[in-house]
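# For reference, the sequence and a predicted model appear below.
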Amino acid sequence: MNPFPLALAGLRHRRGTALALALLVALGVALGVGVGALERSLRQGAARAADAFPLIVGAPGSPTQLVLTAVYLQPDTVTLVPGGVLTRLAADAQAAWVSPIGFGDRWRDKPVVGVAPEFVTLGGRRALAEGRVFAAENEAVIGTAVPLAMGDQLIPAHGLAHAGADEDDADTHHHGDSPYTVVGRLPPSGTPWDHAILVPIERVWEIHGLGNGHAEGAERIGPPWEAAQGIPAVVVQPRDFPGAYALRARYRDAQSNAVFPAEVLVSLFRLMGDVQAVLSAMAMASAVLVLAAVFLAFSGLVAARSRDFAVLRALGAPWRFVLAAVWLELALVLLGGVAVGLGFGWLGGWMAADALGRHARVAVTVAPGWDEVLLALAVLVAGMLGALLPALVVWRRPPGEALKR
Amino acid sequence: MLPLQLDGVSIAFPNPPGPPRIILRATDLVLPAGAMVGLEGPSGAGKTSLLHALAGLEPVAAGSIRWGGENIAELDGAARAHWRRRHTGLVFQDFHLIEGLSVLDNVLLPVWFDMFRTPRALRDRAKALLVGMGLPMPLPPLAVLSRGERQRVALARAVLRQPPLLLADEPTASLDAEAAGRIGSLLVDMAANSGATLIVASHDPHLLARLPIRLRIAETRLERLA
Amino acid sequence: MAARRHTTTRRPVLAAAAAFLLPPNPVAAAERLAFDDLYSGWSVMGASFSPRLLALVGQEAALRGYMAPPLKAEADFFVLAREPMALCPFCSSDADWPVDIVVVYLRRQAQPTDPGTRIEVVGRVETGSWTDPDSGFVSQIRLRDARFRPL
Ligand SMILES: Nc1ncnc2c1ncn2[C@@H]1O[C@H](COP(=O)(O)OP(=O)(O)OP(=O)(O)O)[C@@H](O)[C@H]1O
Ligand SMILES: [Mg+2]
């Protein structure tokens, strides 16, 4: 038995209707898929950006604020955490490495951030894409999105108020006669840090007239900082799991606040998840409506072809052939619609995610996920089971009547 | 090639709110295998209904229809479909070709009921039939065929698998005299060549004149004309 | 990286579809383990695993406790602790944090539960010092291919 030519003939003969139906299914599926994929990819993008920051210690205050400024480099005025906290952290046995996050300066629209060498390599877990880690106070390591080459020099401007201002603008307060030389480049991370310029924290303190954080006369970079100055935040890599929780507990006091960025993200995601649940339910409802509409339209299509099916039966087609032909026609429309909808949904999700991600400088990649495949499969299975109904109706009518018409 | 025996066959249609409308009343009939039969009668007399009953397309109100000993009146729908597939070739008044399928595929359609792949031999035979019936080559799309051409495609479909029983419902209606003559000859020749039993319902005197056995339905009675 | 993830609370329809397509979890077969069963003693060298724990290595075991605050978002692991972690701002001190924690690697990524919710985790027992290549964290006792449910 071969019902394919017949099903295809039906589709070909009414290709306008079939195409419109498939498109309707595609849109219904795309809506559900797009919403799901967008939410998931935003979550993954945001989570990936926090990977380099196991524990963040900042001044007491809002953990969300701390994470937004330190992890996502969203400019905002922050209270400094006292230098003593950094000194203590650097000496803490449960910390594998610590690094200050000293932002505030800019070069064009790229933030210049003072850090420790350990942060550049994430304690040895991150290899540079090019060059080496800074070894002197006037050296810099740049993110992939910074338009500079090895050996280039840059002079940062001070202050967030002038972000984006022309470099030669008279108002811009240059930290003159203190150029940095680019000596290394970070691999792409898909995070706002791709736009950052990393320099030794010692130099940042010095430029602001705070000394270099080390004992008088010492010229090295990196911990320990005997005379550490205030900084916006400290990133800490704990040695082990108990250490992570111990550090988090120990640095929550009057002077500082310690948070896992993941904690903040998870509570944000939970909020996002609630919104997403509503959207998801709406998408689901639209998929059901679309299926119902397609179903009605198809019943009409089957009625219009009832003579064809009567002919089949008059010619002696077995019931499974007629059933298969009717069912296959609807199944092909659904399959096409669902497949295209899956593609549309991912594409739409990707475009929306890209636009949002570009704004936050977080690379958001929408990868096909099982959730959406499941949604599409659910629609497909529901539709294909539903498609049996018109097929059965066709068989129940005696063929003679339709032939006489 | 199949002999036919009708015993007490009645055909009736429900006619609410009144009693069922009787089309054919307790009819007996015996036809030998290979008979060539013309069925006539005024419009609305029940020719199509009788042909459908003979093909098992519609149930009868009473009686038995035996083709070579098998009573198709008591088979269920699936068994009747199976029987039709094995034994009958049907030509409808309105051709009933499937739009969207090519001309050749319309002829091959019954093959797909049983097989996934169309055997070469059947494909060649379908082409040969269409060529023999004078369809233009290469075959044009179905949508542009004239009524006469369509009727020939329907005929090719009916005879493709050389059924022992050929039933044709007004095969020459709405054709011009020349086309009607050609279709009539084809039908009679096909049946004669394969030895199939042929029953043709028609108003066409030329066609009816070529058939040795003449039946007439009138006033719910089936009578044999001399 | 298309993470396979199934949320159990947020998308009931999908979850139902998933339940339809996936076999049920064989939770019933696992042996119950308690936090007190994990270590047999503490010495200068550190803690030593209990014979009962060592006997279960490679097998499925069930353990009840609380999910500690997440160290990574969108991660397939979490830390299971004996007590709920520092919900009370007055008792959050260094000493409160016990070392006998178990790291749970989930079979499928899931949304973290509330830190105050007691959960039961079932997974394959694994022991010994091991550094997670993704997070850089060292752990001693792990449950692999794990599933959990709130109690
Ligand atoms: N399914 C049906 N239900 C009710 N009445 C029917 C049905 N089929 C046919 N009839 C009636 O039975 C009568 C016979 O119809 P049929 O089509 O068999 O006539 P016919 O002899 O083929 O006519 P024609 O020469 O016009 O084709 C008609 O009056 C028709 O209205
Ligand atoms: Mg008729």
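Here it is on my side, so go on. Residues are numbered from 1 along each chain as shown, chains lettered A, B, ... in the order given. Ligands and ions are numbered 1, 2, ... in the order given.
# State the pLDDT value of A:Gly176.
A:Gly176 carries a pLDDT value of 52.
# Please point out which parts of the helix or strand harbouring C:Arg149 sit buried.
For C:Arg149, the element it lies in under DSSP states H and E is strand C:138-150. By neighbour count on 16 or more other Cβ atoms under 10 Å in any protein chain shown, the buried set for strand C:138-150 is C:Val138, C:Ser139, C:Gln140, C:Ile141, C:Arg142, C:Leu143, C:Arg144, C:Ala146, C:Arg147, C:Phe148. Bear in mind the C-beta positions are built from the backbone N, C-alpha and C, glycine included.
# Greatest separation within these: which pair is it?
C:Val138 and C:Arg147 (24.3 Å; Cβ to Cβ).
# tell me the helices in chain B, going along the chain?
Ranges of helices within chain B are B:47-54, B:77-87, B:103-108, B:120-132, B:147-159, B:177-194, B:205-209, based on DSSP state H.
# With chain C instead?
Taking DSSP H, the helices of chain C run over residues C:12-21, C:51-55.
# Lowest average confidence across those helices, which one?
helix C:12-21 (a mean of 46).
# can you count the residues close to the closest residue to A:Leu334 other than its chain neighbours?
Closest residue in space to A:Leu334, ignoring its immediate chain neighbours: A:Gly383 at 4.2 Å, by Cβ to Cβ, 6 or more residues apart in numbering or on different chains. The number of residues packed near A:Gly383 is 23, by other Cβ atoms under 10 Å in any protein chain shown.
# by contact count, what packs against the host helix or strand of A:Gly383?
Take DSSP H and E as the rule and A:Gly383 turns out to sit in helix A:370-396. For helix A:370-396, the packing partners by 3 or more Cβ pairs under 8 Å, 6 or more residues apart in numbering or on different chains; DSSP states H and E come out as helix A:15-49, helix A:261-304, helix A:319-360, helix C:12-21.
# Tell me how far it lies from the chain's centre.
On the basis of Cα atoms, centre = their mean, to the nearest Å, helix A:370-396 sits 33 Å off its chain's mean C-alpha point.
# same deal with stretch A:265-273?
Using Cα atoms, centre = their mean, the offset of stretch A:265-273 from its chain centre is 13 Å.
# For chain C, which segments count as strands?
Applying DSSP state E to chain C gives strands spanning C:31-33, C:39-43, C:46-49, C:60-67, C:77-81, C:102-106, C:118-131, C:138-150.
# Chain A - how does it break down into domains?
A:4-47+A:267-404, A:55-259 (automatic domain parsing).
# Name the residues of stretch A:186-206 that are buried.
Applying 16+ other Cβ under 10 Å to stretch A:186-206 flags A:186, A:189-206 as buried.
# Can you name the residues of the stretch 301-405 of chain A sitting close to chain C?
Within the stretch 301-405 of chain A, the positions near chain C by Cβ under 8 Å from any Cβ of the partner chain are A:Ala367, A:Pro368, A:Gly369, A:Trp370, A:Asp371, A:Leu374, A:Leu375, A:Leu377, A:Ala378.
# Distance to B:Ser43 added to the strands of chain C, as TSV?
Listed next are the strands of chain C as TSV, based on distance: least, Cβ to Cβ, whole Å:
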stretch	distance to B:Ser43
strand C:31-33	87
strand C:39-43	100
strand C:46-49	98
strand C:60-67	82
strand C:77-81	84
strand C:102-106	78
strand C:118-131	80
strand C:138-150	76
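# Which residue is the nearest non-sequential neighbour of residue 116?
Let's take chain A. Once flanking residues are discounted, A:Ala116 sits nearest to A:Ser99: 3.9 Å by Cβ to Cβ, 6+ apart.
# my bad, the chain I had in mind was chain C
C:Pro84 (5.2 Å).
# doesn't C:Ile119 make contact with the one you found?
No. Assessed by Cβ atoms under 8 Å, C:Pro84 is found out of contact with C:Ile119, at 10.7 Å.
# Overlap in contacts, these two.
C:Tyr66 (Cβ atoms under 8 Å, 6 or more residues apart in numbering or on different chains).
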